[in-house]
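Q: got a predicted structure plus its sequence, pasted below:
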Amino acid sequence: MAGAAEATRGEVRVFAEYDRDFEEETDVVVVGSGPCGAVVAHQLAQAGRRVVLLEEGPPFIPSEFELEGSKSMSRTMREGGLRSTRGSILPTMQAIALGGGSLVNSAICVRPPEAVFQRWATGFDLEITNRETLDRHYDEVADFLGIAPTPEEVQGRRNTLFRDGCDALGYGSEPIARNVRNCRGSGECFTGCRNRAKQSMDISYIPAAIRHGARVLTSVQVQEVLREGSRVTGVTGRVAEPFSGRLGHRFTVRAKTVVLAAGCMATPVLLQRSGNLANRSGQVGENLQFHPGVAIAGFFPEPTTPQFGATQGYQSLHFLDEGFKLETLWAPPAVMAVRMPGFGHPLQEIFADFPNMAVWDAIASTHKSLGRVRARRGTLDPALTWHMHPDDVPILKRALFVLTEIYFAAGATKVTPGVNGVPEILYSRDEADVLLNHPIQASDLVCGGNHAFCTTRMHGDPARGVVDEYGRCHDFDNLYIADTGIFPQCPSVNPMFTGMALAHRQAEAILDRT
Ligand SMILES: Cc1cc2nc3c(=O)[nH]c(=O)nc-3n(C[C@H](O)[C@H](O)[C@H](O)COP(=O)(O)OP(=O)(O)OC[C@H]3O[C@@H](n4cnc5c(N)ncnc54)[C@H](O)[C@@H]3O)c2cc1C
Ligand code: SF4
């Protein structure tokens, strides 16, 4: 597999190859090579369109992945992985790399239940965005990427203990379906899959797009969308040195169709920096939603050997109607340490129990908790604000309680709930009641939000949304958005698969119209 990645790199234009300003002309320019942009680029190239895919980050090969969490984040994530919202503090990570978030994510692929699409349809005047119309697109993406449930032999004990706990309590659970082939259970998805098992875009859709003639330019930062009258005409920007971000040569790519797939945080900034483009609705950068996530560590009497096992191998959709989804989780110890209680010796003691540890998390559908994305002067990094609504806090409280319950049902001897005002360590199921009874507020919770949506939302009414159901901007015939920013609301399950299915459908619409 490593050979395939290296071959891909040879066909991708990299930083060292830019020695002057340049201009290109093409049918379609796609900005951003994450899961959504990669699918659009591939589908259009396969159909014979001339496609140029632009990516600000560099390509990575397995030998370049850093196992140490903070080193890895400083290379693969925007703002070194330390980006956060203001208002309520919510750390949020966005990748900067060929393949976007798919390089560093856990490859979880879940289709939202029909109830999610019904909510979207009624709330946002949508007619054709439902499981019936999208399942064909999910199926094609699934076939292409080999999406399948995580096999038992690479689950590892920290994942199967979750299943045991759910079974004991009568909660449904199942192996997580992932875009992975021949996973070895190394638990390293967050720092990049050195086994090249994860089918991230840089080794799946992007090389396939190249085989169909797409041109892929990395280390190029798009800074503005160009417009002439009622049409967009391309994009312009600067070459950006990997890791330092230092800007160099200028470039312009002229295109008949522009697809912005820069991600939920970057696309609205690009539009704002391009003269507040496509914003007659006033919704560009508004409505920012997350799936805030909470994680708990549990400790077992016997070794869990946590280094072994698929990063996220088991999940429970049992509580989706209550607003949360449960998952198993693993990350580099330095990243997990920020969630552990204590300093110095107490922290050392927790880490002495590391071989017996499991970490499980919950992600929540918090529809009332909203924020916004604004361009910051002098940079393309966004200014983010977001507020957790008090009505959404009980969802997370309940999720923390259920996770704790599952730990003790699976045989854990202690858990670390990570909530201000609640004991740092709970030793029994009875002690877990404090999570329900204590008056917990939003600021007491330690959450992260790596699933982000809605900043250029789709809406059937052009006065209330930025794009239509095919991702076409209401204000411009030839400007599309293909990233999770077009979701009208959070999808309640991990977003990548839905982003790719929508992008797959969008490519068909572009082909029909151009
Ligand atoms: C640690 C982590 C784990 C996750 N795990 C999962 C999971 O298991 N399953 C799941 O469904 N979701 C997961 N997610 C979320 C998922 O990765 C994202 O929802 C998904 O990547 C979004 O895809 P996208 O195409 O919208 O944008 P992105 O993946 O963010 O891609 C956007 C791309 O555009 C590029 N770009 C941005 N601005 C510019 C510019 N100005 N010029 C040129 N290029 C630019 C970026 O560098 C980036 O490569 C995870 C996220 C993180 C951070
Ligand atoms: S668990 Fe390891 S082998 Fe499996 S996809 Fe993740 S990084 Fe690759």
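A: Arrived safely, thanks for sending. Ligands and ions are numbered 1, 2, ... in the order given.
Q: so after the helix or strand of the chain with the lowest mean pLDDT, what's the next helix or strand?
A: Lowest on mean pLDDT, DSSP states H and E among the helices and strands of the chain sits helix 2-11, with a mean of 45. Sequence-wise, the next helix or strand beyond helix 2-11 is strand 22-31, with elements assigned using DSSP states H and E.
Q: give me the below-cutoff pLDDT ranges for the stretch 151-300 of the chain.
A: Within the stretch 151-300 of the chain, no range satisfies pLDDT under 70.
Q: is stretch 274-288 positioned near ligand 1?
A: No: Stretch 274-288 lies out of reach of ligand 1 by Cβ under 6 Å from any ligand atom, never closer than 10.9 Å. From N, CA and C alone the C-beta is placed, and that goes for glycine too.
Q: got a list of contacts for that stretch?
A: With contact meaning Cβ atoms under 8 Å, 6 or more residues apart in numbering, stretch 274-288 is reached by 224-227, 232, 264, 268-269, 271-272, 370-374, 384-386, 452-457, 459, 462-466, 473-476, 479.
Q: among the residues you listed, name the buried ones.
A: Neighbour-count burial within the contacts of stretch 274-288 applies to 224-227, 232, 264, 268-269, 271-272, 370-373, 384, 386, 452-457, 459, 464-466, 473-476, 479; the criterion is 16 or more other Cβ atoms under 10 Å.
Q: now the terminal residues of stretch 301-319, how far apart.
A: Its first and final residues considered, stretch 301-319 spans 28 Å by Cα to Cα, to the nearest Å.
Q: out of everything not next to it in sequence, what's closest to the one residue sitting closest to the centre of the chain?
A: Central residue check for the chain by Cα atoms, centre = their mean: the C-alpha nearest the mean position is that of H451, 4.8 Å away. Spatial nearest neighbour of H451, excluding adjacent residues (Cβ to Cβ, 6 or more residues apart in numbering): H291 at 4.1 Å.
Q: same check on W120?
A: Of all residues beyond its chain neighbours, the one nearest W120 is P488 (4.9 Å), with distances taken as Cβ to Cβ, 6+ apart.
Q: didn't the one you found look like it was pressed against T455?
A: No: checked against Cβ atoms under 8 Å, the pair P488 and T455 is beyond contact range at 11.3 Å.
Q: residues contacting the closest residue in space to H212 that isn't next to it in sequence?
A: If you skip the residues right next to it in sequence, H212 has A45 as its closest partner in space, 3.8 Å away by Cβ to Cβ, 6+ apart. If you count contacts by Cβ under 8 Å, 6+ apart, A45 has them with 51, 209-210, 212-214.
Q: need the max-distance pair from those residues.
A: Greatest spatial distance in these: V51 and I210, 9.7 Å, computed using Cβ to Cβ.
Q: what about these two, which has more around it?
A: V51 (28 against 21; other Cβ atoms under 10 Å).
Q: and that one, how close does it get to ligand 1?
A: 15 Å (Cβ to the nearest ligand atom, to the nearest Å).
Q: near ligand 2, which residues of the chain show up?
A: 107, 180, 183-189, 193, 195, 197-198, 310-311.
Q: now those residues: which count as buried?
A: Applying 16+ other Cβ under 10 Å to these, the neighbour count classes 107, 180, 183, 185-189, 193, 195, 197-198, 310-311 as buried.
Q: ok so, going back, G156: which of the residues of the chain next to ligand 2 is nearest?
A: Sorting those by distance to G156 puts G185 at the head of the list, at 5.6 Å, by Cβ to Cβ.
Q: and that closest one, which of the three is it?
A: Per DSSP: H, G, I helix; E, B strand; the rest coil, the local secondary structure of G185 is coil.
Q: could you measure from it over to R163?
A: Spatial separation of G185 from R163 under the definition Cβ to Cβ, to the nearest Å is 15 Å.
Q: this structure - how does it break down into domains?
A: Each domain of the chain is listed here as a residue range: 21-146+190-288+450-513, 149-180+293-368+389-444, per automatic domain parsing.
Q: highest mean neighbour count out of these?
A: Each of the domains of the chain was given a mean neighbour count from mean count of other Cβ atoms under 10 Å, and the largest, a mean of 22, is that of domain 21-146+190-288+450-513.
Q: show the end-to-end separation of that domain, please.
A: Counting by Cα to Cα, you get 32 Å between the two ends of domain 21-146+190-288+450-513.
Q: could you give the separation of it from the chain centroid?
A: Taking Cα atoms, centre = their mean, to the nearest Å, one finds the center of domain 21-146+190-288+450-513 at 10 Å from the center of the full chain.
Q: once you drop chain neighbours, what's closest to L217?
A: Using Cβ to Cβ, 6+ apart and skipping the chain neighbours, the partner closest in space to L217 is R13 (4.6 Å).
Q: what's near enough to touch the one you found?
A: The contact partners of R13, taken as Cβ under 8 Å, 6+ apart, are 215-218.
Q: now those as TSV including secondary structure?
A: Output for those, formatted as TSV (three-state DSSP):
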residue	secondary structure
R215	strand
V216	strand
L217	strand
T218	coil
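Q: return only those of those residues found close to ligand 1.
A: The residues of those that also fall near ligand 1, by Cβ under 6 Å from any ligand atom, amount to none at all.
Q: is there proximity between the host helix or strand of L270 and ligand 1?
A: Per DSSP H and E: L270 is located in helix 266-273. Yes: counting by Cβ under 6 Å from any ligand atom, contacts between helix 266-273 and ligand 1 involve 266, 270.
Q: next, the angle strand 22-31 makes with that helix.
A: Interaxial angle of helix 266-273 relative to strand 22-31 (axes from the mean of the first three to the mean of the last three Cα atoms, to 10 degrees): 130 degrees.
Q: for the residue of the stretch 351-500 of the chain found nearest ligand 2, what are its contacts?
A: Proximity of the stretch 351-500 of the chain to ligand 2 (Cβ to the nearest ligand atom) peaks at M496, 13.8 Å away. Contacts for M496 were tallied using Cβ under 8 Å, 6+ apart; they are 35, 101-102, 105, 108-109.
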